[in-house]
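[1] the amino acid sequence is not available; the structure is as follows:
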């Protein structure tokens, strides 16, 4: 014989409330005692509280899972950006990378290809002291990092401005009128390729070939 009591908790909640109401109104006819119904009402109250607590905790668990997912995604974006910068530094040893646990198992098989020189480097003035650099990939893989270097003013040493996997970068915060020479090279791990042409910024922008 099928069970007359509903299996669903919420439907059982309604069924039990109706049962208690009708039974209390017909105690004599049903041959029930008020003490029995009082005990059942107490049990129902405990069950109602337990359901509310369960639903609250389920909602909290769902919210906690979503927050965990979001915070992981946020931290992973920043961590990947920092690792890219580390991978682009030639002075970082493989031992130190291993300590940081940023090496990929099996990635060391086979020689690392030498990047091709980026081509058609140009710079456009986009604001006071802000210069947008663009270049072409020239056959380099999409995971190639591009190291942007600059020779600013009367400096005799090239300075690394930024490292990116994109084909454009805006260098801001410069002094208008101060001469800047830009060049870009590709990098795979610790292997760096030849430089692009130069792009010179002063009052005008002049692309020239590297020496």
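    In hand now; what should we look at? Bear in mind that the values here come from a model prediction, so they are computed numbers and not experimental data.

[2] now for residue 130, how many residues are close by?
    Residue 130: 14 surrounding residues under other C-beta atoms under 10 Å. Just so you know, the C-beta spots here come from the backbone N, C-alpha and C atoms, and that holds for glycine as well.

[3] so what's it bridging to?
    Per DSSP bridges, the residues bridged to residue 130 are residue 127.

[4] which residues touch it?
    Each residue near residue 130 by C-beta atoms under 8 Å, 6 or more residues apart in numbering is listed here: 170-174.

[5] can you redo these as a markdown table with pLDDT?
    Below are these laid out as a markdown table (pLDDT from 0 to 100):
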| residue | pLDDT |
| --- | --- |
| 170 | 96 |
| 171 | 95 |
| 172 | 93 |
| 173 | 92 |
| 174 | 92 |
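
[6] list only buried entries from the residues you listed.
    Among the contacts of residue 130, those scoring as buried are 171, 174 (criterion: 16 or more other C-beta atoms under 10 Å).

[7] strands - which of the contacts of residue 130 land there?
    Those of the contacts of residue 130 mapping onto strands are 170-171, per DSSP state E.

[8] export the contacts of residue 130 to TSV and tack on distance to residue 15?
    Listed next are those as TSV, based on distance: C-beta to C-beta, whole Å:
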residue	distance to residue 15
170	67
171	72
172	69
173	71
174	76
